[in-house]
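**Student:** take a look and give me a structure for this.
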Amino acid sequence: MPLPFTTPETSEAINKLVYRWTTLDLRIIADRLTEAGSAELWFYHSNGAGEKLLNVVKSNLLAISTMNQLAKRMAAHSADVPWQQVLTYITSSVMEYQRRGEPGVSLRPVSAEQNKPTYLINPLVMAGVPNVLFGDKGVNKTTLGLLSIGLLSCGYDLSPSGLIATAPSVGGILDWEGNAELTNYTLARLVESSTIPYCEPEYLHCKLRLSDDIEHIGNWVTEHNIKFVLIDSLGAAAGSDKFDSAGKGAALTFFESLRQLKVTSLIIAQNSKNETGQKTIYGSTFYTYYARNVFELRKGKDTVSQDDAHIALIHTEGNYSKRFSPIGFHLSYTDTTILIEHEEVIFSQLLDRIEDTQAICEFLRIERKLCSVDVIAEAIAKPKAQTLVVLSGLKRKGKIVNPSRGFWGIASYD
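**Tutor:** This is a model prediction of the structure:
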């Protein structure tokens, strides 16, 4: 005689629902759901001697004859379970899950202070949005990403890097570039130098692009309750789109998949150029458009030792915030340690070009505000008189504006 039917506890993942009936000692997983109503059903039953897999079947949940036959087959395993009602409940909830959208909400813009964005690490990681860290090869993008993972492991606020995690957050690493052993080696060196505390982040080595492996990755995120992911790196995670030379399709697909994970992300990205020769993230401006907080990482040009490096975070895009001033770091290496210490940024050390015109435009582009001749001259390490001559020439060419006496700014930020 079947027991009375009760509503189960239900948890969700990407294209996956898990049902648990404690009164029936029953757990059913509906996996690989489709809009057409098909699903893989995994049946588990516990009778006090541990959980046992009863059956695995791929079914069309909307086919009445198929579901009736399945109910009879499962009754042979456990006659005390009201299988007809169980399977009917699964069918209805699966179809509701597949057809529902995001619920609508009412916006109440009462207090900007109350509603302003929050940060997991200010200003590098804004909560709830895709954050991008891009730059040339060899500027320590992955090392800085692992620094973020370590800080968030316990809400660390004592790092010599000067970066502070506002609160603990369960972090995970999605790695398309390296492997677990090399990543663990870098983490150990950061821990050994006391740059980050001891931590044990979850790690997943990835082979397929994010959109093609989203269910597997989504299950990993759900299983470990991950709230923050480090993606290393964008090129392999997004893949390419041979039908779209501008990269729009690949970028759109990547961010659509990322939104399904419902996590805060820090995305390590390559520095490239688009078809017009403009410097971009992975060769397409669309990665900048879809991201919400973007930093470029640069290495100082005067770094000559293999045992240390000077790098700087330059805030290039922020949809919900001001542009933050550059943040400098000094990295010291040994075979067993990587020490990251905060230092002031000397702009002239970051310039990879020697022409005064390009140096001035680059400085004003980063500052995004009017600056005096004295400030500009000091930044590019040139005499004031020489700087003023170059500024006047740039003004005639329409690249620089001089709206206020003695103050100069870039004509266009794009």
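
**Student:** quick check: Ile217 touching Leu208?
**Tutor:** No - the pair Ile217 and Leu208 fails to qualify as a contact (C-beta atoms under 8 Å) at a distance of 9.2 Å. For the C-beta atoms, the positions are set from N, CA and C on the backbone; glycine is no exception.

**Student:** compare those two (neighbour count), which wins?
**Tutor:** Ile217 (25 against 14; other C-beta atoms under 10 Å).

**Student:** residues in contact with that one?
**Tutor:** Applying C-beta atoms under 8 Å, 6 or more residues apart in numbering to Ile217 gives the contacts Leu174, Leu204, Cys206, Leu210, Leu261.

**Student:** recalculate using a threshold of 10 Å.
**Tutor:** Ile217 sits next to 14, 172, 174, 204, 206, 208, 210-211, 226, 229, 237, 257-258, 260-261 when contact means C-beta atoms under 10 Å, 6 or more residues apart in numbering.

**Student:** how close does it sit to Leu182?
**Tutor:** The gap separating Ile217 from Leu182 is 20 Å, by C-beta to C-beta, to the nearest Å.

**Student:** and Phe5, how many neighbours does it have?
**Tutor:** Residues lying near Phe5 (other C-beta under 10 Å) number 17.

**Student:** how confident was the prediction at it?
**Tutor:** Here, the pLDDT recorded for Phe5 equals 92.

**Student:** give me the element it is part of.
**Tutor:** According to DSSP states H and E, Phe5 maps onto no helix or strand at all.

**Student:** please apply the same query to Lys395.
**Tutor:** Short version, using DSSP H and E: Lys395 is in helix 384-396.

**Student:** give the buried residues for that helix.
**Tutor:** Using 16 or more other C-beta atoms under 10 Å as the test for burial, helix 384-396 gives Thr387, Leu388, Val390, Leu391, Leu394.

**Student:** tell me if Ile267 really is in a helix.
**Tutor:** No - the assignment for Ile267 (DSSP: H, G, I helix; E, B strand; the rest coil) gives strand, which keeps it out of a helix.

**Student:** beta partners for it?
**Tutor:** Val132, Ile231 (DSSP bridges).

**Student:** what's the burial count for it?
**Tutor:** 28.

**Student:** tell me which residues touch it, please.
**Tutor:** Residues counted as contacts of Ile267 (C-beta under 10 Å, 6+ apart) are 130-134, 141, 145, 174, 229-234, 237-238, 254-255, 258, 281-282, 287, 291, 294.

**Student:** just the endpoints, please. Distance across stretch 12-27?
**Tutor:** 14 Å (C-alpha to C-alpha, to the nearest Å).

**Student:** pLDDT of that stretch, averaged?
**Tutor:** For stretch 12-27, mean pLDDT is 90.

**Student:** give the buried residues for it.
**Tutor:** Ala13, Ile14, Asn15, Lys16, Leu17, Val18, Tyr19, Trp21, Leu24, Asp25, Leu26, Arg27.

**Student:** and for stretch 162-169?
**Tutor:** Quick answer for stretch 162-169 (16+ other C-beta under 10 Å): Leu163, Ala165, Thr166, Ser169.

**Student:** quick one: contacts for the second one?
**Tutor:** Looking back up the chat, that one is Ala165. Ala165 neighbours (C-beta under 10 Å, 6+ apart): 119-122, 125, 148-157, 159, 171, 196, 228.

**Student:** mark which of those are part of strands, please.
**Tutor:** Among those, the ones falling in strands (DSSP state E) are Tyr119, Leu120, Ile121, Val125, Gly171, Phe228.

**Student:** let me have the residues you listed in CSV, adding neighbour count as columns.
**Tutor:** What follows is these, written out as CSV (neighbours: other C-beta atoms under 10 Å):
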residue, neighbour count
Tyr119, 18
Leu120, 24
Ile121, 23
Val125, 26
Gly171, 27
Phe228, 23
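
**Student:** what's the farthest-apart pair in the residues you listed?
**Tutor:** Pairwise distances across the ones in strands among the contacts of Ala165 peak at 14.8 Å for Tyr119 and Gly171 (criterion: C-beta to C-beta).
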